[in-house]
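> Quick one, what's the 3D model for this:
(chains A and B)
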Amino acid sequence: AQTVTQSQPEMSVQEAETVTLSCTYDTSESNYYLFWYKQPPSRQMILVIRQEAYKQQNATENRFSVNFQKAAKSFSLKISDSQLGDTAMYFCAFMKHQYNFNKFYFGSGTKLNVKP
Amino acid sequence: ETGVTQSPTHLIKTRGQQVTLRCSSQSGHNTVSWYQQALGQGPQFIFQYYREEENGRGNFPPRFSGLQFPNYSSELNVNALELDDSALYLCASSSRELGGAFFGQGTRLTVV
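A predicted model of the protein is given here:
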């Protein structure tokens, strides 16, 4: 079974500063995806960044980057130059690479507050 | 905007009643999954439909059932509603090539 753990229920950061959200996971699979999703009060789950486990290079998307440590089963999200619009719940998620089957395992989330 | 739309956005039902939630998947996506997100928790997988067939199910009782139509839109039906069914229900649309999914904005179900 796969599990995803987010140990930081809530975090705060000043606008323009950098913050790192932590995520660990447990799996016996070798081929999988990892994701960070953002859920603002509007409730829509928005994809922030995706990492394929077979790729050693850490994914980046503008101000968002990850630190993927496969051996340690760690997948942290770094947000640079934080903006007020980054305030949201952030969920780390795991998905096994499987033909025509996309089941996500989500962590419990980290609430990020960006302060002006 | 992801192109995945859910209806209704909010719903209040009485314990014991039945409810149907709807999801229109993104164009070109033939797979739809449903998730239940209780307050303060991460989403939990209910089931997935691929080309009108259920091809995976999470730890939910049989009173949670679904359908997928030829246009790949989907319904989630819940019978004999219980208070614990109160949650945000999310629909996720995907395809084989996507390696992920796009989510709708969810339906907030309250059971009283």
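> For the spatially most central residue of chain A, give me its contacts.
Centroid-nearest residue in chain A: residue A:36, 2.8 Å away (criterion: Cα atoms, centre = their mean). By Cβ atoms under 8 Å, 6 or more residues apart in numbering or on different chains, the residues touching residue A:36 are A:21, A:23, A:47-49, A:64, A:66, A:75, A:77, A:90-93. Quick note: C-beta positions are derived from backbone N, CA and C, even for glycine.
> do residue A:102 as well
Taking Cβ under 8 Å, 6+ apart, we find residue A:102 in contact with A:95, B:31, B:33, B:48, B:92, B:94, B:98, B:100-101.
> Point me to the helix or strand that includes it.
Assigned by DSSP states H and E, residue A:102 belongs to neither a helix nor a strand.
> where do the strands sit along the chain?
The chain I'm using is chain A. A:3-5, A:10-14, A:19-21, A:24-26, A:32-39, A:46-52, A:60-61, A:64-69, A:74-79, A:88-96, A:104-106, A:110-115 (DSSP state E).
> That was the other one, I meant chain B.
Here chain B has its strands, by DSSP E, at B:5-7, B:10-13, B:19-24, B:31-37, B:44-50, B:53-57, B:64-68, B:74-78, B:87-94, B:102-103, B:107-111.
> any chance of those in CSV, plus distance to residue A:43, mean pLDDT and mean neighbour count?
Shown next, in CSV, are these (distance: least, Cβ to Cβ, whole Å; pLDDT from 0 to 100; neighbours: other Cβ atoms under 10 Å in any protein chain shown):
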stretch, distance to residue A:43, mean pLDDT, mean neighbour count
strand B:5-7, 10, 95, 17
strand B:10-13, 10, 97, 13
strand B:19-24, 14, 97, 20
strand B:31-37, 9, 95, 26
strand B:44-50, 16, 95, 22
strand B:53-57, 24, 92, 13
strand B:64-68, 20, 96, 18
strand B:74-78, 16, 97, 21
strand B:87-94, 6, 95, 25
strand B:102-103, 9, 92, 23
strand B:107-111, 7, 98, 18
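> how deep is the residue of chain B found nearest chain A tucked in, by neighbour count?
Residue of chain B nearest chain A, by Cβ to the nearest Cβ: residue B:42 (3.3 Å). The local packing of residue B:42 (other Cβ atoms under 10 Å in any protein chain shown) involves 21 other residues.
> Then residue A:74?
15.
> Show me what the closest residue to it other than its chain neighbours is bridged to.
If the residues on either side of it in the chain are set aside, residue A:74 comes closest to residue A:24, at 5.3 Å by Cβ to Cβ, 6 or more residues apart in numbering or on different chains. Per DSSP bridges, the residues bridged to residue A:24 are residue A:5, residue A:74.
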